[in-house]
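[1] Quick one, structure for this:
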Amino acid sequence: MARKDSGYTAEDIEILEDLSPILHRPGMYTDPVNPNHALVEIIDNAADEGLAGFAKNVAVTLYEDGSAEVVDDGRGIPVDIHPKKKIPAVQVIFTTLHSGGKFRKTDKDAVYRIAGGLHGVGVCVSNALSTKLEVDVKRDGAAWRIVFGPNGQLKEPLRKTGNAGPRETGTRVRFWPDAKYFDSPKIVPADIAALLRAKAMLLPGVKFTLNVEKGGKFETTQWHFPEGIRGYFANAMAGAEPVASSFLGERYISAQSESDSFAEGEGALWAIAWTADGELVNESYVNMIPTRHGGTHVSGLREGVYNAIRNFIDLHAMGQRGLKVVPEDVWSRANYVLAVKMLDPQFKGQVKNELISRDAVKLTAQMVRDPFELWLNQHVDEGKRIADLVIRQAMARTRAAQKVERRKSSGVAVLPGKLTDCASDDPERNELFIVEGDSAGGSAKQARDKEFQAVLPLKGKPKNTWQDSPDTLYANKEIEAIALAVGVDHHKPGDSPDLSGLRYRKIIILADADVDGSHIQVLLLTLFFRHFPKLIEKGHVYVAQPPLFRIDVPAHGKNKPARKLYALDKQELASLEEKLEDEGVREGSWSVSRFKGLGEMSPEQLWETTLNPDTRRMLPVLVEDGQLEISNDIFNMMMAKENAQQRREWMETYGNLVDADIS
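    Next comes the predicted model:
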């Protein structure tokens with residue numbers, strides 16, 4: 001049932017700068033591969049009208065000339081004069097960054113309290129990167145049009161084009177992407193179709209249509225799932241043979257739940273099924289935005305489902321002596337669709353392919369675990385079939401690990417005394433943290449998961465090994481300890497070293513988030529790049545990203561309890577503080593503290609921010625194709641003793657580009 005218009009006018013459009021930042025660095029705001037993301041931003045706005053209960057139909061048309069059009073029957077973008085900018089609100093929305101009607105999230109009755117576009121950047125991107133963009137609006141008994149030209153400049157000011165019926169409302173946007181900003185100027189219809197299909201699932205009351213022009217004719221596809229996720233998941237799983245019936249559920253925080261962590265309306269919708277073979281269905285969404293790379297909400301689903309199945313196996317005495325079931329066993333054959341609603345989601349970049357909100361882990365796990373445990377114990381036979389599949393996966397994984405262990409056991413490995421090893425013998429699962437100093441090493445040992453995480457503390461800064469001979473490399477005890485712990489001998493680029501002794505799939509450099517820590521990272525990366533290049537080539541080396549700042553935010557109203565946020569650097573700190581202001585948190589009410597080093601963090605903080613696979617941030621160390629020689633030249637300039645003058649010239653040329661914190 002459509003909602004009554006709650007007064008959507010120019011005053012609802014808040015301004016948080018022209019389009020020059022987008023034109024200067026388009027890759028920061030959109031995916032430069034093709035204009036799909038620019039179109040998705042417009043689709044998201046139309047879909048949010050459906051989420052708010054005002055739109056029943058959203059139609060997307062892809063024309064042969066490369067342009068795209070989105071039409072919805074929502075309320076229509078406001079056309080009255082904005083009180084601050086003194087121009088029509090529709091013009092503000094398409095030309096002013098950080099503007100829109102979605103920032104007011106503190107009011108629980110706000111229409112856009114939980115919506116997709118939350119940064120106020122979206123349609124500005126579409127406009128800035130177009131050669132032309134047209135907007136037609138019907139509302140309040142009139143039809144209006146505004147047109148923008150290249151780079152989002154106003155071409156035709158807003159004008160009334162005619163009358164509209166009393167029930168005729170909605171918005172039409174058509175844009176022509178500017179080819180110079182994209183690798184390919186063509187929109188990919190298959191990707192847009194997948195997006196509309198998913199939005200139809202998430203909005204059962206809205207019909208989505210895609211028209212694709214071919215040879216002057218239009219091919220039309222419609223999606224409408226009145227049953228929501230149930231019908232969508234059944235459609236996605238067509239042809240597959242699940243070992244048990246699907247587990248579907250929906251759970252949100254209510255006013256009566258008195259949650260100490262989450263706001264009213266936050267929660268999750270899900271469908272899960274297990275199959276013994278075949279392709280898997282793995283889809284996740286946050287506020288109707290597809291998160292193709294998953295993120296912390298998927299980690300929460302994994303956690304909740306894993307704990308429920310592990311408890312079911314224990315309750316029914318299905319476990320086997322010596323066999324440990326790990327999350328990968330539960331998850332390796334799971335099909336799922338997950339849709340989470342969050343008040344203030346944090347994404348990795350404007351393209352929003354991955355959710356990084358740490359709260360999402362706890363939210364999703366909390367929503368899913370109890371209902372799934374209840375479902376398993378109400379459907380015991382089906383629960384046992386799922387558990388049997390999980391146990392078979394665990395046995396197969398254990399057998400594979402034992403084969404590797406038998407291959408390695410021919411030689412006696414002498415491990416360094418400083419190494420605090422993990423319990424697991426499965427190198428495919430194990431991780432080694434190479435940590436700066438005994439103090440940080442002690443914190444990491446307390447914080448780690450002893451099952452699969454090992455810690456090797458280093459004494460002081462490692463040696464610069466760029467010009468060391470392989471024959472003298474192990475004269476340094478710290479470097480010898482690294483090689484012994486890793487289980488791979490030193491080698492040269494182009495060699496084919498024996499990696500069967502590799503003891504950890506991930507070797508993670510963990511240093512303080514300051515200048516000294518960065519120096520240690522460079523010295524260790526030099527060691528691996530020069531003397532263990534195969535580990536980098538195979539993707540085994542990572543750099544951890546511990547936060548530099550902690551923000552303690554006080555409770556804010558009934559729906560926002562006190563919480564702790566973490567920032568990697570000053571730029572992220574400023575971004576988080578801006579978001580807190582947008583939420584309505586009083587400026588100055590939160591406190592910011594700076595971590596002087598890893599050893600200053602409590603084990604709980606170090607686990608949550610840096611060690612926990614579900615919430616940490618890490619950078620994989622990779623050399624792109626064709627970049628090996630360039631990387632080698634850079635390392636040589638930076639690390640070779642005889643290149644001091646070259647380094648000085650480089651620093652004089654590029655030093656101003658480095659935002660170094662040397663306090």
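
[2] Residue 124 in helix, strand or coil?
    Assigned with DSSP: H, G, I helix; E, B strand; the rest coil, residue 124 falls in the helix class.

[3] so how many other residues sit close to it?
    Other residues near residue 124 come to 27 when the count uses other Cβ atoms under 10 Å. Any C-beta I mention is one placed from the backbone N, CA and C, and that applies to glycine too.

[4] my guess is it meets residue 96, correct?
    Yes: Residue 124 is within contact range of residue 96, at 7.0 Å (criterion: Cβ atoms under 8 Å).

[5] List the residues that are in contact with both of the two.
    Here residue 124 and residue 96 share no contacting residue, scored by Cβ atoms under 8 Å, 6 or more residues apart in numbering.

[6] can you list the weak-confidence ranges in this structure?
    For the chain, the stretches flagged by pLDDT under 70 are 1-29, 98-121, 255-260, 349-352, 401-414, 557-559, 626-628, 654-663.

[7] Doesn't residue 312 belong to a helix?
    Yes: assessed with three-state DSSP, residue 312 lies in a helix.

[8] Contacts only, for it.
    If you count contacts by Cβ under 8 Å, 6+ apart, then residue 312 has 318, 373, 376, 377, 383, 387 around it.

[9] Let's verify residue 272: helix, strand, or coil?
    With three-state DSSP as the basis, residue 272 sits in strand.

[10] Quick check, it in contact with residue 247.
    Yes: Residue 272 is within contact range of residue 247, at 4.9 Å (criterion: Cβ under 8 Å).

[11] so what's the backbone phi/psi at residue 355?
    phi -90, psi 130 (degrees, to the nearest 10).

[12] Need the residues that contact stretch 155-170.
    Stretch 155-170 is contacted by residues 54-55, 71-76, 79, 88, 90-91, 132, 136-139, 141-149 when judged by Cβ under 8 Å, 6+ apart.

[13] In helices only, show me these.
    Among these, the subset assigned to helices under DSSP state H consists of 90, 91.

[14] Filter the contacts of stretch 155-170 down to just the buried residues.
    54-55, 71-76, 79, 88, 90-91, 132, 136-139, 143-148 (16 or more other Cβ atoms under 10 Å).

[15] Show the contacting residues for residue 294.
    Going by Cβ under 8 Å, 6+ apart, the list of residues near residue 294 reads 282, 284, 354, 355.

[16] Would you mind naming the residues that bridge with the last one?
    Beta bridges link residue 355 to residue 295, residue 347, judged by DSSP bridges.

[17] correct me, but it touches residue 346?
    Yes: judged on Cβ under 8 Å, residue 355 makes contact with residue 346 at a distance of 7.2 Å.

[18] Off-centre distance for the helix or strand hosting residue 387?
    Per DSSP states H and E: residue 387 is located in helix 380-408. Centroid separation for helix 380-408 versus its chain: 30 Å, with Cα atoms, centre = their mean, to the nearest Å.

[19] which helices and strands sit right next to it?
    helix 296-315, helix 327-331, helix 359-378 (3 or more Cβ pairs under 8 Å, 6 or more residues apart in numbering; DSSP states H and E).

[20] Narrow the contacts of residue 294 to those that are buried.
    So, by 16+ other Cβ under 10 Å, the buried ones in these are 284, 354, 355.

[21] Closest one of those residues to residue 643?
    For those, the closest approach to residue 643 (Cβ to Cβ) belongs to residue 354, at 38.4 Å.

[22] Let me know the secondary structure of the nearest residue to residue 562 once chain neighbours are set aside.
    Excluding the flanking residues, the one nearest residue 562 by Cβ to Cβ, 6 or more residues apart in numbering is residue 555, at 4.6 Å. When classified by three-state DSSP, residue 555 comes out as coil.

[23] if I read this right, residue 555 contacts residue 561, doesn't it?
    Yes: contact status for residue 555 versus residue 561: in contact at 5.2 Å, counting by Cβ under 8 Å.

[24] what do the two both touch?
    Joint contacts of residue 555 and residue 561 (Cβ under 8 Å, 6+ apart) do not exist.

[25] and the gap between residue 560 and residue 364?
    Distance of residue 560 to residue 364, computed by Cβ to Cβ, to the nearest Å: 19 Å.

[26] quick one: which of those two has more around it?
    residue 364 (29 against 20).

[27] residues contacting the more buried one?
    Neighbouring residues of residue 364 by Cβ under 8 Å, 6+ apart: 268, 297, 298, 299, 300, 301, 303, 304, 338, 340.
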